[in-house]
Structure formats: structure tokens, C-alpha cells
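**Q** coords below, sequence missing:
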């Protein structure tokens with residue numbers, strides 16, 4: 001049993017350093033197997049998703065050497081198997097990036113259908129469409145995606161919907177295809193750009209990442225590189241909303257402020273003060289928050305991964321807010337848990353109507369997924385009394401030292417492993 005136990009009511013204040021972007025790092029690690037040379041990747045977040053992917057890669061013959069907690073050296077010249085074991089993959093969704101990487105380099109891949117958070121349907125039909133357009137034969141057999149090609153050839157591919165995963169996966173495979181590939185209606189997220197930059201640093205020829213059209217001229221071989229992952233915009237946004245919900249004053253450091261523009265805009269709308277620096281953002285909430293409406297959209301719109309965090313802030317705001325989720329259909333599971341803490345919420349399909357309350361109260365709740373779990377931590381920090389959060393394994397998938405970072409800002413939060421430890425915390429907090 002691992003839980004977070006929280007005594008809320010303290011405004012959070014101080015500085016916090018943001019780790020490397022999990023979503024970028026997952027794609028970059030997969031892409032690193034596309035060269036036989038040794039690759040150094042720095043600014044990796046030390047979170048479960050990253051560590052599980054590294055274990056999966058080691059299982060197929062990738063040599064992984066931890067240089068520091070946040071840096072690895074990788075060499076993939078001795079990959080002996082293009083079939084990845086299900087036990088690793090059932091725990092993380094980004095396993096599917098190994099399909100594009102293995103298919104690009106070895107022209108074959110066998111990877112189990114992915115796991116991860118249950119936040120809704122995330123079909124891989126666009127990935128398969130892209131691989132087939134490049135000349136691969138793709139089947140689903142016994143729970144595995146099996147892709148094979150004698151040759152991959154460049155193609156003109158139009159994605160029916162904007163998909164980060166499909167954009168990255170097709171981009172990787174096309175990097176080592178013969179000829180020229182154009183991918184239209186691409187995802188524009190910062191981690192798509194980061195994976196493209198990483199591939200280019202290994203000798204790929206990718207242009208247009210960050211726009212809705214990516215052009216790729218295939219190359220025969222990729223080479224060694226040293227690369228540092230971008231900061232995590234979702235971790236940064238989570239701490240920014242922690243400041244908002246707790247009436248705090250937090251400076252998030254090691255960030256790229258441009259990546260946070262949609263989050264910053266909503267914080268300003270609900271009454272926070274936001275100050276931007278070259279690589280930091282300060283959020284101050286000195287008065288009660290105001291209501292607003294928000295709709296999740298692909299980048300540069302408001303990110304779906306920041307929807308639960310703003311939902312918690314709006315539960316404490318004056319007035320009624322409407323949150324529309326346009327990306328994942330199961331993203332409102334946390335609302336039931338928030339209601340247990342005193343929030344007034346009505347969910348209708350993909351819309352949540354939130355009537356703000358003065359205070360939330362501590363309760364025992366469960367994290368339904370990664371971002372919702374982090375949002376419930378924020379709710380606990382803002383609430384009166386003690387909050388206990390179960391299923392924190394979801395949160396550990398994507399936040400490095402979350403409780404430690406929060407404690408450095410004045411939060412009363414501990415990870416406990418037994419009821420005895422939880423009782424000690426309660427007694428200590430009075």
C-alpha cells in the first residue's frame with residue numbers, strides 16, 4: 001500500500017525545479033535505438049514510465065548505462081529481438097513508439113498493444129495507416145502489433161485527426177524510409193518538435209516539426225548524438241495551478257515559457273498574477289479565483305493533460321465554470337472524487353459544469369489516472385483537514401519526487417506505506 005496523506009490549508013510558496021518532459025523523453029528513448037552508435041540522453045525524468053521503457057529496451061538487447069539519475073548512455077548495436085515482452089508494455093502506453101523505431105531501422109517490429117492510463121479510447125489506427133502508407137504490412141495477432149516491410153518508401157500521408165503518437169511514430173519510421181515523406185495534419189506539441197530535433201541531431205532530415213505539415217527525406221543511417229530533453233510543460237503547469245488553488249506564490253524554474261502560454265492565459269483569466277522570465281514563471285494567487293470556461297484542444301490550445309488541474313482550481317472559484325473535454329472521453333473520472341471533498345459538479349457527456357465553493361474538505365480519494373491523481377493532490381493541499389490519496393502509482397508514472405517538491409514549497413504531504421505510518425502523520429498534524 002502506497003498512499004499520499006496530506007494536511008491541507010497551507011499556501012504553497014517558493015521555487016521548484018521542473019524535470020525533463022516525460023512525453024518527449026519516451027519518444028526520444030525509442031528513437032535512440034535507430035542507430036548502432038552510442039547515444040547520450042540527458043535531463044531524463046526519473047519516473048516509472050521512463051524506467052519501464054528502459055527495462056523493455058534492455059530486454060531486447062539495448063545496452064543501457066545510467067550515468068546519473070537523469071542521464072543515460074544507450075547502445076543498440078546488439079538488438080537481437082524485435083519482439084517486446086507484454087509484461088513491460090502493459091504498464092505504459094508509449095510502448096507503441098518502439099514500433100516506429102524498430103520498423104524504421106530493422107523493417108520489422110512486434111510490440112504488444114499498449115497499456116497506460118484508462119482515460120479513454122486512444123486507437124492506433126492512424127499509426128497503422130501511416131506504416132501501411134510507407135509500405136509495411138501491419139497485422140494485429142494475439143494482442144501484438146506485427147509490422148514488417150521489405151522496404152519502406154516515402155509517401156504522402158494525411159492524418160484524419162491530430163494525433164501526437166501517430167505523428168511521432170510515423171516520423172520515426174519515415175526517417176529511414178527510401179525517398180520523401182509528407183505528413184499532413186500533424187500534431188504540433190513541443191514533444192513532437194523535441195523528438196524531431198533529436199532525430200535530426202542523429203542525422204535525420206526532418207523539416208516542419210511544430211507546424212501541421214512535416215516533410216522528411218529518408219536517410220540510410222543515423223549516428224551518435226548527445227541530447228538534452230526539454231522541460232516538462234505539464235509538470236510545470238501542475239505546480240502553477242497548485243499556486244492558484246492554495247492561494248500561493250510559486251516560481252517554476254527550468255521551463256520554456258512559450259510552451260506554457262495556454263496554461264498562463266487561463267491562470268490570468270481566473271485572477272492569478274503571472275510573471276514570466278527567460279526560463280521561469282512565477283504564479284501568485286492573492287485573492288479568490290474567478291470562474292471561466294475552458295475547452296481542451298491540440299497544441300497550441302489548452303492541453304487535455306492540464307484539464308484536471310484547472311478543474312480543481314475552478315471548484316474553488318467564485319461562480320460557475322464550464323469545462324469541455326474534446327480529446328479523451330473518460331477524463332472526468334476525478335470529478336466523483338472531487339465531489340467527495342465537497343465540490344459541486346455536474347458532468348454531462350464531455351462537459352463538466354462546476355459551481356465553485358469557498359472550501360473543500362479532506363477525504364479519502366483514489367487517483368483514477370496520472371493527471372487526475374496530481375489534481376487530487378492539489379485539491380488535498382487546498383482543502384481543510386486530512387486527505388488520503390490511494391493508487392498513487394499512477395502519479396508516480398509521470399511526476400518525479402512529487403511529494404518532496406511539494407514539501408519544499410511548504411506542503412504537509414507524505415508518502416506512507418501502512419496505516420500505522422498514516423496514523424503517525426495524523427497525530428503529528430494534530
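**A** The structure has been received and is ready for your questions. The structure displayed is predicted, hence computed values, not measured ones.
**Q** the residue lying closest to residue 379 once chain neighbours are set aside: helix or strand, and which one exactly?
**A** Leaving aside its chain neighbours, residue 379 sits nearest to residue 312 (4.7 Å; criterion: C-beta to C-beta, 6 or more residues apart in numbering). For glycine as for every other residue, the C-beta is placed from the backbone atoms N, C-alpha and C. Assigned by DSSP states H and E, residue 312 belongs to helix 307-315.
**Q** show me what that helix is packed against.
**A** Under the contact criterion of 3 or more C-beta pairs under 8 Å, 6 or more residues apart in numbering; DSSP states H and E, the helices and strands touching helix 307-315 comprise helix 233-245, strand 293-295, strand 320-324, helix 334-340, strand 351-355, helix 370-382.
**Q** so which elements touch the shortest one?
**A** Think strand 293-295. helix 307-315, strand 320-324.
**Q** any idea of the angle the last one forms with helix 307-315?
**A** If I follow you right, that is strand 320-324. If you take axes from the mean of the first three to the mean of the last three C-alpha atoms, to 10 degrees, strand 320-324 sits at 170 degrees to helix 307-315.
**Q** how distant is strand 320-324 from the center of its chain?
**A** Strand 320-324 sits 23 Å away from the centroid of its parent chain (C-alpha atoms, centre = their mean, to the nearest Å).
**Q** helices or strands up against that strand?
**A** Packed next to strand 320-324, using 3+ C-beta pairs under 8 Å, 6+ apart, are strand 293-295, helix 307-315, strand 351-355.
**Q** of all these, which lies closest to residue 10?
**A** Nearest to residue 10, of all those, is helix 307-315, at 15.9 Å by C-beta to C-beta.
**Q** that closest one to strand 351-355, inter-axis angle?
**A** Going by the same axes, to 10 degrees, helix 307-315 is angled at 30 degrees with respect to strand 351-355.
**Q** quick check, pLDDT for the residue nearest to residue 232 when sequence neighbours are not counted.
**A** What sits nearest to residue 232 in space, not counting adjacent residues and going by C-beta to C-beta, 6+ apart, is residue 21, at 4.1 Å. On pLDDT, residue 21 comes in at 98.
**Q** and the gap between residue 21 and residue 233?
**A** To residue 233, residue 21 is 7 Å away according to C-beta to C-beta, to the nearest Å.
**Q** returning to that earlier point: my guess is the residue nearest to residue 379 contacts residue 377, does it?
**A** No: the criterion here is C-beta atoms under 8 Å, and residue 312 misses it with residue 377 at 9.2 Å.
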